[in-house]
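Enquirer: quick one, what's the 3D model for this:
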Amino acid sequence: MTSKTKISEGYSTVLPAEIRKALDLNPGDVLQWDVEDGLITIKPRKKMTLTGICGVISNGGNAVNDKKKIQSGE
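Expert: Numbering: from 1, shown residues only. All right, here's what the predicted structure looks like:
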């Protein structure tokens, strides 16, 4: 699916409805923007549930690495 938007004078843009619907995105959801070699990649980051967080935390763990995994949405 390809879509295009325009950047407003306030540097805002609108997420097209067909993309919001296809990815089930809602107000409050977070989009992660990455730039590499002049290309922009936008990925949705859904809020994690307690069950999801528990699955990321390592047994006997490394708190620093576990926090990085949770924050990156892995």
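
Enquirer: quick one, helices of this protein?
Expert: Along the chain, counting by DSSP state H, helices occupy 17-22, 50-56, 63-72.

Enquirer: where among the ones you listed is average confidence lowest?
Expert: Looking at those, the lowest mean pLDDT belongs to helix 50-56 (a mean of 66).

Enquirer: and residue 19, how many neighbours?
Expert: 15 (other Cβ atoms under 10 Å). Where you see a C-beta, it was placed from the backbone N, CA and C, and this is true even at glycine.

Enquirer: now swap in residue 3 and tell me
Expert: Neighbours of residue 3 under the rule other Cβ under 10 Å: 10.

Enquirer: that one touches residue 17, doesn't it?
Expert: No - counting by Cβ atoms under 8 Å, residue 3 does not reach residue 17; the two are 9.1 Å apart.

Enquirer: now do the same contact list for residue 11.
Expert: If you count contacts by Cβ atoms under 8 Å, 6 or more residues apart in numbering, residue 11 has none.

Enquirer: if I look at it, how far off is residue 38?
Expert: Going from residue 11 to residue 38 by Cβ to Cβ, to the nearest Å gives 18 Å.

Enquirer: alright, that wraps it up for me.
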